[in-house]
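A.B. asks: need coordinates for the following:
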Amino acid sequence: MSAKKKLHENDKALNEQLEYLKLSTIREQYPQEARTAAEQQLSHVHYLARLVDAEAQARQDRSVQRRIRMARFPVTKTLDSFDWNWPKKINRLQVQDLFRLAFIEQHANAIFLGSVGVGKTHLCTALAYAACLRGHSVLFATAIDIVNTLSTAQKTGSLKADLKKYLRPAVLVIDELGYLPIDKHGADLLFQVISQRYERGSIILTTNKPFKKWPEIFGNDSTLTSAVLDRLLHHAETVMIEGRSYRMKDQIGSIVSE
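C.D. replies: Purely as a prediction, here's the structure:
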């Protein structure tokens, strides 16, 4: 057998084995890396380390993209794109400290409270996105979506399975709590999510209602409201944001200029 033919068969066998082991990045890059190693007279260990590092990095990148996809963000936001000059009042150091993500390890919560358009959803999405990048599983949902999903699940006998969707992730984002009223049945379902995540998983929540007005959200049921707040706030960081709606800034500017 000629040396060229033997080399071809060795390459074929190696490609088949790498494909079987699902080492796709090594399979794609080993020929070029082999040439580079020969040209630069790299050791076998150095050559192998470069291939393994590339494979590991590719897997990490795929894992990150999978977590982002499974999080179901409506849009992707980052802290760098947040306009700190717009809110009239915000504790920037407090927000930046949250992005250390220590609260997730502690199974604690983060609550962003302020009027419409001040950046609550931007910051909570950016925080959850940062969690994805750091290896945490995340699910984003509005409060009403959670209630509607669980209400439907209860009618079809799949409540237990659907409830697990909101309990499984390391971080659950509950967006827009308080924008629409929730009836007693819906409030009970949302309470189940919050109660069962208590000290087991983190919640990032946005609301336009100060805590003293939360009974209005839950059909003026003060007992249920107290139970919800007790579990949410026991281990929580609350970020207060004051200001006008960022989405209205162009209209506000045109009115002022007139």
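
A.B. asks: the helices in the chain, which residues?
C.D. replies: Assigned by DSSP state H, the helices in the chain fall at 3-20, 24-40, 44-71, 92-98, 102-105, 120-133, 143-156, 159-167, 184-197, 214-217, 222-233, 249-257.

A.B. asks: of all those helices, which lies closest to Ile203?
C.D. replies: Closest of the helices of the chain to Ile203 is helix 184-197, at 6.0 Å (criterion: CB to CB). For the C-beta atoms, the positions are set from N, CA and C on the backbone; glycine is no exception.

A.B. asks: what about this protein, any weak spots by pLDDT?
C.D. replies: 1-8, 247-258 (pLDDT under 70).

A.B. asks: so which of the helices of the chain is nearest Thr78?
C.D. replies: When these are compared by CB to CB, helix 120-133 sits nearest Thr78, at 5.1 Å.

A.B. asks: what angle separates that closest one from helix 44-71?
C.D. replies: 150 degrees (axes from the mean of the first three to the mean of the last three CA atoms, to 10 degrees).

A.B. asks: let me see the residues that make contact with helix 120-133.
C.D. replies: The contact list for helix 120-133 (CB atoms under 8 Å, 6 or more residues apart in numbering) reads 64, 67-68, 71, 73-79, 81-82, 95, 98-99, 101, 104, 110, 112-114, 138, 140, 170-171, 173, 175-176, 204-208, 239, 241.

A.B. asks: how about a cut-off of 6 Å?
C.D. replies: Applying CB atoms under 6 Å, 6 or more residues apart in numbering, the contact partners of helix 120-133 are 64, 67-68, 71, 73, 77-79, 82, 99, 101, 112, 114, 138, 171, 173, 175, 204, 206.

A.B. asks: may I see the buried residues of that helix?
C.D. replies: 120-132 (16 or more other CB atoms under 10 Å).

A.B. asks: ditto for stretch 189-209
C.D. replies: Quick answer for stretch 189-209 (16+ other CB under 10 Å): 189-191, 193-194, 197-198, 201-208.

A.B. asks: could you single out the nearest of those residues to Thr223?
C.D. replies: Phe191 (10.5 Å).

A.B. asks: which residues does that closest one contact?
C.D. replies: Val228.

A.B. asks: which strand residues bridge Asn109?
C.D. replies: Ala236 (DSSP bridges).

A.B. asks: what is the burial count for Phe140?
C.D. replies: Residues lying near Phe140 (other CB atoms under 10 Å) number 22.

A.B. asks: same check, this time on the one 10 residues further on
C.D. replies: Residue crowding around Leu150 was assessed by other CB under 10 Å; the count is 23.
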